[in-house]
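Enquirer: Pasting the sequence and the predicted coordinates here, then a few questions.
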Amino acid sequence: MIQCLDHSASRTFYQQELRKLVRIVQEVQKSMGNKDSGEGSDKKLSRAKKPLIMFLRSLAKKTHE
């Protein structure tokens, strides 16, 4: 495993960040379920997913270094 991920503090940071980003996406999806989905909702969901995707990509790159 990567040295960075072997440290407990780093692992905790990544876990907390991942939970936070997933929670944001879930909240947007939940709010979309309560309303009619339209173009505005799709944009809001895309904006919520973008930081999550970027975080996952950066994490994947770190595991391949």
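Expert: Thanks, I have the structure now. Since the structure is predicted, the reported quantities are computational estimates derived from the model, not experimental observations. Residues are numbered from 1 along each chain as shown.
Enquirer: in the strand or helix carrying residue 24, what counts as buried?
Expert: Using DSSP states H and E, residue 24 falls within helix 8-34. Neighbour-count burial for helix 8-34, counted by 16 or more other CB atoms under 10 Å, picks out 14, 21, 25, 28, 32. Any C-beta I mention is one placed from the backbone N, CA and C, and that applies to glycine too.
Enquirer: after it, next one along is what?
Expert: The element immediately downstream of helix 8-34 (helix or strand, assigned by DSSP H and E) is helix 39-63.
Enquirer: can you pull the buried residues of stretch 32-49?
Expert: In terms of neighbour count (16+ other CB under 10 Å), stretch 32-49 has its buried residues at 32, 41, 45, 48.
Enquirer: Next, format those residues as TSV and append distance to residue 56 and pLDDT.
Expert: Output for these, formatted as TSV (distance: CB to CB, whole Å; pLDDT from 0 to 100):
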residue	distance to residue 56	pLDDT
32	21	86
41	22	83
45	16	94
48	14	96
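Enquirer: Of those residues, which is the nearest to residue 59?
Expert: residue 48 (17.9 Å; CB to CB).
Enquirer: could you say what helices and strands the helix holding residue 24 packs with?
Expert: When contacts are defined as 3 or more CB pairs under 8 Å, 6 or more residues apart in numbering; DSSP states H and E, helix 8-34 sits against helix 3-6, helix 39-63.
Enquirer: Lowest average pLDDT across these?
Expert: Here these differ in mean pLDDT, and the lowest is helix 3-6 at a mean of 50.
Enquirer: now residue 57: how far from residue 30?
Expert: 25 Å (CB to CB, to the nearest Å).
Enquirer: what residue lies at the spatial centre of the chain?
Expert: The chain has residue 52 as the residue nearest its centroid, 2.5 Å off, counting by CA atoms, centre = their mean.
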